[in-house]
Each structure stands twice: as structure tokens, then as C-alpha cells.
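Q: Any chance you could fold what I've pasted below:
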Amino acid sequence: MKVTHTILILYSLVCIFVNTVAHHGPPNFRYTGSDPTVSVWNFGWPFASMIYDPNHGFQFGPFIPVVLVLQAIGALLITGIGGLAHLFRSSRRPE
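A: Below you'll find the model as predicted:
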């Protein structure tokens, strides 16, 4: 497996982990029906990007679009740098 594929897979696993790590406690952001005295599941690290409230279901944080776009840009950068490295290596090979 090429190094770029390995790095992209590891990056994707880190993004999945960061988005799904959960802790139980008061809500990390306000949403319709939020009650700071009721413990909920906060998903995301270091800041919650999604909350599961048993009374109100899943609530998405205000920055989840930004987080997902930045993670997609990171994946594109890894892929682009890997592609450029491949082109550079292939152009330097002796015939």
C-alpha cells in the first residue's frame, strides 16, 4: 500500500474518532429545549459538534459545517500532496 493511502486512511480514522468520541454531561452548546441540568451525550473533541439528548434527539452544533469542510480540505490536501509526490518521483526515474 502506498504511503499516501496509509496516511489518508489514518487521517480518516482520526477524523472519525474526533467526531464520534463522546462524553456524558451537561450540553456543550445551547439548542432549542436544552437544559443544563440534564446530562446528554456530547459528541466531538475537544468541542462538541453534535449532542444526543434523550428528550430531543440529535442536535447539531453551530460549527459542524466548518469542522466537516476543514476535514474534507485536509483529506484533499493529503491526496494532492501525495499525487504531486508521485508525479515528482515518476518524473525523476531514469529511463
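Q: Quick one: the helices in this protein, in order.
A: Using DSSP state H, the helices of the chain run over 3-20, 64-92.
Q: mind listing what's buried in the longest one?
A: Applying a neighbour-count criterion of 16 or more other Cβ atoms under 10 Å, one finds 67, 71, 78, 82 buried in helix 64-92. (Each C-beta comes from the backbone N, C-alpha and C, glycine too.)
Q: Go through the residues you listed and say which is closest to residue 42.
A: residue 67 (13.8 Å; Cβ to Cβ).
Q: Distance of the nearest residue to that closest one once chain neighbours are set aside relative to residue 70?
A: Distances taken as Cβ to Cβ, 6 or more residues apart in numbering put residue 49 closest to residue 67, at 5.4 Å, once the chain neighbours are dropped. Noted for residue 49: a distance of 11 Å to residue 70, by Cβ to Cβ, to the nearest Å.
Q: So which residue is dead centre in this structure?
A: residue 15 (3.5 Å; Cα atoms, centre = their mean).
Q: which ones are touching it?
A: 71, 74, 75 (Cβ atoms under 8 Å, 6 or more residues apart in numbering).
Q: Rebuild those as a markdown table, extending it with distance to residue 10 and pLDDT.
A: Formatted as a markdown table, the contacts of residue 15 follow (distance: Cβ to Cβ, whole Å; pLDDT from 0 to 100):
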| residue | distance to residue 10 | pLDDT |
| --- | --- | --- |
| 71 | 13 | 92 |
| 74 | 12 | 91 |
| 75 | 11 | 90 |
